[in-house]
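1. The sequence and its predicted three-dimensional model are supplied below.
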Amino acid sequence: MLRAFHANWTRPFFARSPGGRYAVEPFELLTTALSALVWRRENGPIRMICDSTALRYYTSLGLCFLWDEGVHPLLDAIPADVDPMAFWAAGKLYALSAMPSPCVMIDTDLICWKPLAPLVRELDVAAIHREDILPDIYPDAAAFSQTHGFDFVRLDWSVQPLNTALSYFGDDAFRRAYTDTAIRFMRCSPGADDVLTYMVFAEQRLLAMCAAQQSVRVAALSDLSALFDGAQDGFFTHVWGFKQQMRDEPALYDDFCRRCAARLRRDFPAAAARIADVPALATYFT
């Protein structure tokens, strides 16, 4: 049995859309449902770690039942000096800092269709895949001119970053060391001036760097080509690269949502009946 969690920090939404009304797109709600329910069926319990706005939102939709270990609004405590524009995924790191190992951090747009335990049994840490070190995304230390008081010197800049759309933490001391380091970097960067490079350094590059520094047993569970062409034997579905295409093509959006609804009806009929009551989702179940 492996315990997992989703995370949802809504402050980045309001930083991008001041005064906006918080909502999650239908396709994201449907993948969230599949991600949680399939995890429970194949692997073990799952919880949502979020802020109060997200809790109110999921409660208003009647979707809190998706997480059998509950919905926990811990992320209101993220300090105000963590910039939600630059560090839009900081909620994941703060959630992980509160979640004892062994645990799995999984994005709401990733579905793990099979038992994960056999893949991580001999590991201290694992992630869905490695990332290429592209200078525009993963620059060297000189790019972080708004970071002050953080030690870059002892880090190994040659190790490939680890994508954390799904990541496993089996060693609790390492989990604490990694999240402490990542949070320290974010708080040392109050003037972060890039909405990509600072976040992926904190979340993905530092994970690989910390693993190398501490010599823990680490592995990637798949790779990008396998995820796209199905060579990973249907183990994972990650919707990330398909999102903008769906937004640009309404027919694709509708087809994807209907296929998600059909899969929910087939595999989780009782849950699907409750999800179909969500007004924004009802049309996909007809």
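-> That came in fine, so what should we check first? Numbering: from 1, shown residues only.
2. any idea how far Y168 lies from D109?
-> For Y168, the distance to D109 (CB to CB, to the nearest Å) stands at 18 Å. Heads up, the C-betas are built off the backbone N, CA and C, glycines and all.
3. Those two: which has the busier surroundings?
-> A count of neighbours by other CB atoms under 10 Å puts Y168 above the other of Y168 and D109, at 25 against 20.
4. what residues are up against the nearest residue to F65 once chain neighbours are set aside?
-> Leaving out its chain neighbours, the residue that sits closest to F65 by CB to CB, 6 or more residues apart in numbering is R274, at 6.7 Å. Neighbouring residues of R274 by CB atoms under 8 Å, 6 or more residues apart in numbering: G62, L63, F65.
5. which one of those sits closest to G19?
-> Top of the list for closeness to G19, among the contacts of R274 and by CB to CB, is L63 at 24.5 Å.
6. Need the pLDDT of that closest one.
-> Confidence at L63, expressed as pLDDT, is 98.
7. my read: it touches E28, true?
-> No. The criterion here is CB atoms under 8 Å, and L63 misses it with E28 at 11.7 Å.
8. Show me which of the two is the more surrounded one.
-> Applying other CB under 10 Å to L63 and E28 shows that L63 carries more neighbours, namely 23 against 15.
9. where's the more buried one relative to D83, distance?
-> 29 Å.
10. all helices of the stretch 151-286 of the chain, in order?
-> Along the stretch 151-286 of the chain, counting by DSSP state H, counting those that start in this stretch, helices occupy 172-187, 197-200, 206-214, 224-229, 243-248, 250-267, 269-275.
11. Identify whichever of those lies nearest to A15.
-> Nearest of those (CB to CB): helix 197-200, 12.9 Å.
12. list the helices and strands the closest one packs on?
-> Using 3 or more CB pairs under 8 Å, 6 or more residues apart in numbering; DSSP states H and E, no helix or strand is in contact with helix 197-200.
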